[in-house]
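J.: Could you work out the structure for the sequence below:
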Amino acid sequence: MSDTVLIVNIAIAVLGVIGLIVVVKLDPVMSLVIGALYIGLTGGLGAGGTLMAMTEGFGDVMADIGMLIVFGVLIGALLQETGAISRLVDVLLNRFGKRGLPYALGLTVGTGLQSIYLDVLVVISAPLARAASPRLGRLGLARVGSALTLGLYCGLAMMVPGAANIAIAGLLDIPLGKMLLWDLIVIIPTILLSTVIIFALIKRGFWNPDKDEQEPLPATTPDNGPEIAGGTVRPARGTHPTESTEDGPQRKSHGATAVAVRAEEDARAVPLLVLFVPLLLGLVLIASGSVANAVGDVPAVLELISDPVVALLIGLIGTVGVARYTVGYERLATAIQRGFGSSGQILILTGVGGSLAGVVTASGLGDVLKDSFTASQVAPLLLVWAIAAVLHAAIGSVTLAALTAAGILAPIAPQLGVEPALIGLAAASGSLFAVHVTANAFWMVQSLLGLTTRGTLKLVTFGVSIASVISLAVVNALNLIF
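T.: Alright, predicted model coming up:
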């Protein structure tokens, strides 16, 4: 089979999956399986090879992040039951205000939390963002979700110690301290400018809550109104849980969900920091492992407890203990049951996304695209961005796309007269272009933020692509200056 036919077939499959989900309204799991089968059968893998690639892709994803998803979702469910998430949202709103909260969240996730693996960071931060969204009005989920998504992906690719960024620094032999400085210079304006652009589009009709969001979170009991029977109420579609259907002022609410309200009323009084200590301990353990790996050998004990799975398990056990004390056994068991129910949906969707990516990888598309480029075609920074963008659009891996693109120019980087860190950041920028259905985090963001596939395409695919283009412009501007 020719390389061109392979590329065309994969493009048809990816567009077909999106069409099946968005237009035909077919379940995403079935759509992804159909896309994977099409790629394998038309890509020369045969029936046996296709099924093997699909099962291996599913298994690889589950082996890498399956337990991380379950532990993270359970921690989130317990924090919600104790009212911790609602209380934290109140603190953030008081500190940054409604206008500043999305920016603060995006910058914090993008610059300060990149010692955390992306999948862990998604399951921890997405529930917080979703809980905060009702406080920001009818378009709150779009605003806080877009800022969070930009922080997640930009941090992964363009910030030490994000996995892709660390790998690029090693490949181009750039000291981490120097790489960190260049990262900050690029990532801060990228996140801020991208957020401003997306917010402007959202205000002008880019976002439609009726089509881009799943059912909204249950409303909370207003201060000046009677408690709703059952503790929850679902507003009419198109209205927001804390927003009046008229033009009058919004009613104040103490929590993002009725669960959080009941938690605040019934739970034993515990300082907010105590509720988050087990989770923070897990994150510190993960961060310590990343730092130790960067500076030298890791002691055996630290290697064990800083593994993300073990660290999150420690955080989960601690959170269970705190929740048992604050809300009692019955509510603890209910929260855990709810968490398992939520994690099951996320696991199957993420795993099938891994199946699609596995078939794409087995088809050899990465090698085909890599061999299609030469360093003499266009300007170095634009070239490395374009290579990474095409690779990521095809195979769905930020790290692999960035590394492949940077690796093509790495041997001749000293002769190009370009700062190596800018070459690495150009590759990282390109790897953020067109994040779509082959990316595991795409489906995690959809499930945990409560978006439809159409809404996820807007916030993840389109929004992060804006950041990709803006960061390329920032990198080129820095190249002219330096």
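J.: Could you use CA atoms for every contact and neighbour count after this?
T.: Will do.
J.: And the strands in the stretch 301-450 of the chain?
T.: Counting by DSSP state E, counting those that start in this stretch, the stretch 301-450 of the chain has no strands at all.
J.: can you give me the helices in it?
T.: 308-362, 365-372, 380-395, 398-409, 413-416, 420-431, 440-449 (DSSP state H, counting those that start in this stretch).
J.: Minimum distance to V5: which of those helices has it?
T.: Smallest distance to V5 across the helices of the stretch 301-450 of the chain (CA to CA): 10.8 Å, for helix 365-372.
J.: Quick check: buried residues in stretch 470-482?
T.: By 16 or more other CA atoms under 10 Å, the buried positions in stretch 470-482 come out as 470-476.
J.: State the pair within these that is farthest apart.
T.: Farthest apart among those by CA to CA are I470 and N476. That separation is 9.9 Å.
J.: quick revisit: tell me which of the helices of the stretch 301-450 of the chain sits most buried.
T.: helix 420-431 (a mean of 30; mean count of other CA atoms under 10 Å).
J.: Point out the other helices and strands that that helix packs with.
T.: On a contact count with 3 or more CA pairs under 8 Å, 6 or more residues apart in numbering; DSSP states H and E, helix 420-431 meets helix 140-158, helix 163-171, helix 176-201, helix 380-395, helix 398-409, helix 413-416, helix 463-481.
J.: Now tell me which helix or strand of the protein has the poorest mean pLDDT.
T.: Between all helices and strands in the chain, the lowest mean by mean pLDDT, DSSP states H and E belongs to helix 258-266, at a mean of 48.
J.: Can you give me the buried ones in the following helix or strand past that helix?
T.: Reading on from helix 258-266 to the C-terminus, the next helix or strand found by DSSP states H and E is helix 272-295. Buried residues in helix 272-295, counted by 16+ other CA under 10 Å: 275-276, 278-290.
J.: the inter-axis angle of helix 272-295 versus helix 176-201?
T.: 130 degrees (axes from the mean of the first three to the mean of the last three CA atoms, to 10 degrees).
J.: could you say what helices and strands helix 272-295 packs with?
T.: Where contact means 3+ CA pairs under 8 Å, 6+ apart, helix 272-295 is packed against helix 67-81, helix 84-107, helix 300-305, helix 308-362.
J.: mind running it again at 7 Å?
T.: Counting contacts by 3 or more CA pairs under 7 Å, 6 or more residues apart in numbering; DSSP states H and E, helix 272-295 packs against helix 300-305, helix 308-362.
J.: which ones are touching A441?
T.: Shown in contact with A441 (CA atoms under 7 Å, 6 or more residues apart in numbering): D119.
J.: Give me the distance between the closest residue to A393 other than its chain neighbours and K458.
T.: For A393, ignoring the flanking residues on the chain, the nearest one in space by CA to CA, 6 or more residues apart in numbering is A434 at 5.4 Å. For A434, the distance to K458 (CA to CA, to the nearest Å) stands at 11 Å.
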